[in-house]
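Student: Build me a model:
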Amino acid sequence: MTKQVNETNMLDTLKATYLFKEKFSETLLDEILHNSSYVDISQNACLFRQGDEGDAMYIVAEGSLKVVIVSENGAESCVAKIGPGEPVGEIQLLTGGRRTASVLAEQDTRLLCINRECIDPVAASHPNFFEELNRIVLERLRENQLLTVLLLLFGYLDRQKLRFIKRQLEWVLIKKGERLFSQGEPIDCFYILTNGRLSVVADDPSGKKNTST
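Tutor: Numbers count the residues shown, from 1 in each chain. Have a look, this model is predicted:
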């Protein structure tokens, strides 16, 4: 692994990530890059563990990582691999809280570390920065929630099966008080709840409504 990451190449890497692609100016990304620092981890070392407190995100400059989720019964599942130019830990950068998965190095890896201390001054001088970043990260959060639910429903699934299931899915967002479907309607699909709560209301033969959540 090189001692020094080429700054021009790293700037291009930032511009290519799903977080910053076509959304933020090169000037803003250059500020983020110069406020950040690099972290090196050796093969098989752990960047962070499921349940750790998180306040930073990382972007792979060189090497690769694997994302591992431990289920309630203790089984470990590798749900993703992260290569150069891809971010990890971005949700905790915005929301804080605990890590939802463990991340380990598949090989010697160099990462760009972006924490709140380096990004807050940048955001202060660029209106709507966090608003746009939140919207982008929300899409990734939904995907992570889905992976967790799929593991609970089906147990271990290899990456090929996970990709197949994800291709069959369509996201549905319903607001409080809205109806997902009505009793008696034809059944042509099923739903997986990833976030929030639903109330189930059924009419019995006497016409009485029974409600459960």
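
Student: So, low pLDDT: which residues of the chain?
Tutor: Within the chain, the stretches with pLDDT under 70 are 1-5, 22, 205-213.

Student: tell me which strands and helices the lengthiest helix in it is in contact with?
Tutor: The longest helix of the chain (DSSP state H) is helix 129-154. For helix 129-154, the packing partners by 3 or more Cβ pairs under 8 Å, 6 or more residues apart in numbering; DSSP states H and E come out as strand 65-70, strand 76-82, helix 90-95, helix 116-124, helix 159-168. For glycine as for every other residue, the C-beta is placed from the backbone atoms N, C-alpha and C.

Student: Try it again at 7 Å.
Tutor: helix 90-95 (3 or more Cβ pairs under 7 Å, 6 or more residues apart in numbering; DSSP states H and E).

Student: Show me what secondary structure element comes after the helix it packs on.
Tutor: Using DSSP states H and E, the helix or strand that follows helix 90-95 in sequence is strand 102-105.

Student: Run through the residues that contact G89.
Tutor: G54, A56, M57, Y58 (Cβ atoms under 7 Å, 6 or more residues apart in numbering).

Student: Tell me what angle the longest helix of the chain forms with strand 76-82.
Tutor: Helix 129-154 runs at 140 degrees relative to strand 76-82, counting by axes from the mean of the first three to the mean of the last three Cα atoms, to 10 degrees.
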